[in-house]
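Participant: sequence and predicted structure are below.
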Amino acid sequence: MFKNSKDLKLFKNECVDFTVSDASLDTSSEEERESVLKLFGDRKLYSLKQVHGDKILDTKDMKKDEVYEADGIYSSDPKVVSLIRMADCSGVLLYAKDIKAYTVVHAGRVGALKGIVSKAINLLVAKGAKKEALLAYITPHIRWCNYEVGSEIYEKASEFCKVINSKFYFDLEACIRKQLEVLEANHIYYEQADTFSSENLFSYRRDKTTKRFGIFCAIRS
């Protein structure tokens with residue numbers, strides 16, 4: 001595994017558990033997903049057909065065997081585990097200490113530009129959380145130096161792009177950071193690993209792989 005919430009001082013004593021897998025486990029495989037689910041005990045696993053949008057679903061409105069097109073999950077139910085899958089995009093977990101609930105979202109370039117991270121924050125606030133009670137964890141993702149894009153992306157999102165030698169690069173983390181500015185700075189943990197250059201993480205841009213690593217999240221029972 002890449003990281004566990006118990007490894008992080010920021011989350012160690014909180015009522016949320018999460019595990020980030022690595023390239024030793026493909027979360028696109030049901031069998032391999034189930035091997036991680038066992039670490040959380042007897043709970044139901046919820047995942048999504050991720051579509052690079054900004055829709056966030058509540059697990060209480062989801063049925064275990066249904067396929068849902070969305071890119072985020074909200075839950076306060078200690079009987080479930082939520083999974084978001086990545087291979088260059090970022091997984092962003094937001095945990096509300098005061099209401100013991102979380103949102104976890106798939107934030108790639110398209111979803112981040114649509115504001116899915118801000119939407120996740122606003123959803124927690126609408127459920128009764130205060131922004132100062134929110135903690136954030138940002139998984140490994142592709143770094144800007146390996147994320148070359150076309151001029152059409154620069155024209156739409158120049159605020160989050162860098163131009164070097166007439167080439168355009170998109171800074172996904174900068175886009176996410178902008179949306180997290182409403183949180184306390186010391187309540188945010190950013191992983192520094194680059195999926196493109198890290199052999200122990202899946203990267204679609206590097207390998208055109210269909211395999212995905214993931215972040216599994218649950219409320220402690």
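Facilitator: Great, that's in hand.

Participant: quick one: the helices in this structure, in order.
Facilitator: Assigned by DSSP state H, the helices in the chain fall at 30-37, 109-113, 116-126, 151-157, 172-179, 204-207.

Participant: for the last one, list the C-alpha coordinates in PDB.
Facilitator: Coordinates of the C-alpha atoms in helix 204-207 are reproduced here as PDB (Å, rounded to 0.1, in the frame of the first residue of the first chain):
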ATOM      1  CA  TYR A 204      -2.300   6.600 -17.900                       C
ATOM      2  CA  ARG A 205      -0.300   9.200 -19.600                       C
ATOM      3  CA  ARG A 206       2.900   7.200 -19.200                       C
ATOM      4  CA  ASP A 207       1.600   3.700 -20.000                       C
END
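
Participant: now do it: distance to the chain's middle.
Facilitator: Put simply, helix 204-207 sits 18 Å off its chain's centre (Cα atoms, centre = their mean, to the nearest Å).

Participant: now do the fifth one
Facilitator: Between the mean C-alpha point of helix 172-179 and the mean C-alpha point of its chain there is a distance of 13 Å (Cα atoms, centre = their mean).

Participant: shouldn't D17 be in contact with Y137?
Facilitator: No. Using Cβ atoms under 8 Å, D17 makes no contact with Y137, being 11.6 Å away. C-beta coordinates here come from the backbone N, C-alpha and C atoms, glycine included.

Participant: so for those two, which residue has more residues nearby?
Facilitator: Neighbours were tallied for D17 and for Y137 using other Cβ atoms under 10 Å; the higher tally belongs to Y137 (26 against 19).

Participant: relative to I176, how far out is the more buried one?
Facilitator: Going from Y137 to I176 by Cβ to Cβ, to the nearest Å gives 11 Å.

Participant: so what's the gap between stretch 18-35 and the chain middle?
Facilitator: 15 Å.

Participant: as CSV, could you dump the C-alpha coordinates of it?
Facilitator: The C-alpha trace of stretch 18-35 is given here as CSV (Å, rounded to 0.1, in the frame of the first residue of the first chain):
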residue,chain,number,x,y,z
PHE,A,18,-8.4,5.7,4.5
THR,A,19,-6.0,3.6,2.5
VAL,A,20,-4.3,4.6,-0.7
SER,A,21,-3.2,1.6,-2.8
ASP,A,22,-0.2,1.5,-5.2
ALA,A,23,0.7,-0.4,-8.4
SER,A,24,0.8,-3.7,-6.5
LEU,A,25,-3.0,-3.7,-6.7
ASP,A,26,-5.4,-2.8,-9.5
THR,A,27,-8.6,-1.4,-8.2
SER,A,28,-10.3,-2.0,-11.6
SER,A,29,-10.3,-5.7,-10.5
GLU,A,30,-13.2,-6.7,-8.3
GLU,A,31,-11.0,-9.5,-6.7
GLU,A,32,-8.3,-7.0,-5.8
ARG,A,33,-10.8,-4.4,-4.5
GLU,A,34,-12.2,-7.1,-2.2
SER,A,35,-8.8,-7.8,-0.8
